[in-house]
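*Asks:* coords please:
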Amino acid sequence: MGSVEEEQSLIEQGSIQEELKLYAEDGSIDINGNPPLKHKTGNWKACPFILGNECCERLAYYGIAINLITYLTAELHQGNVSAARNVTTWQGTCYITSLIGAVLADAYWGRYWTIASFSSIYFIGMSALTLSATVPYLKPSDCIGDFCPSPTTPQYLTFFLGLYLIALGTGGIKPCVSSFGADQFDDRDPNERVRKSSFFNWFYFCINTGAFGSFLLVLVQENIGWGLGFGQLMILNNKDLIKNSVSSIIFV
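*Replies:* Take a look at the predicted model:
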């Protein structure tokens, strides 16, 4: 009897171990706070959405940053010194706000909800920026000869509100996306560790693809219109929101 019971115990332990292997073993949890089943979530399932989000976000960021000083001098009629100061202040804010996103992601919301929430803020900022370049009441007046009228207060407020909402949005996305992608892979699984390395190769490829593609948007802004250029960036950011919504059902 003892040997039969021992055999049954070993069989039960073996089945339990096999069942545990179906779940991620590195402490990851799914959207419901439960250990994730590997065949249902994680791995490469959510990664295309994460990579697409990063590519679009970098494209939008550099599409603004590269040509921002031109917009400030040509459209808002600022001097070179004021324009340069505004550009560097905005870029610095984009990186400082990363501290806000990091704290919220690690201590309160988690990476997914932080990315989703700040992507929404990013989209609102892009919408305000597009309105400031298209709506006649919000669009700065053109120069008449050598006379360049100063923008009105609503024009300044709309533009800079959009600009700094974008800075806040990118600050919530930047510190979370790469680690959120790493969360999709089980560190205790040798095969998934290899896939994680592959993910980071694709991640940095998408960053550089987005940055490189921004020169096309610069051409649109300068040769066709700033409203159309900013509008394209707004549409790309809206795609980020859709990708975030879809990935919510398949992320770890």
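*Asks:* mind listing what's buried in the host helix or strand of Asn191?
*Replies:* Here Asn191 sits within helix 190-223, counting by DSSP states H and E. Judged by neighbour count (16 or more other C-beta atoms under 10 Å), helix 190-223 contains these buried residues: 192, 196, 199, 202-203, 206-207, 210-211, 213-214, 217-218, 220-221. C-beta: built from backbone N, CA, C; applies to glycine.
*Asks:* stretch 102-117 too?
*Replies:* Neighbour-count burial for stretch 102-117 [16+ other C-beta under 10 Å]: 102, 104-105, 109-117.
*Asks:* ok, of those residues, which one's closest to Cys56?
*Replies:* Of all the buried residues of stretch 102-117, Cys56 sits closest to Ile115, with 12.3 Å by C-beta to C-beta.
*Asks:* mind listing what the closest one touches?
*Replies:* 53, 105, 172-173, 176-177, 180, 244 (C-beta atoms under 8 Å, 6 or more residues apart in numbering).
*Asks:* helix, strand or coil for it?
*Replies:* Following DSSP: H, G, I helix; E, B strand; the rest coil, the label given to Ile115 is helix.
*Asks:* separation between it and Gly181?
*Replies:* Distance, Ile115 to Gly181, using C-beta to C-beta, to the nearest Å: 11 Å.
*Asks:* before we move on, what about Thr170?
*Replies:* Where Gly181 is concerned, Thr170 sits at a distance of 17 Å (C-beta to C-beta).
*Asks:* just give the nearest non-adjacent residue to Pro140, would you?
*Replies:* Distances taken as C-beta to C-beta, 6 or more residues apart in numbering place Pro151 nearest to Pro140, at 4.4 Å, with adjacent residues excluded.
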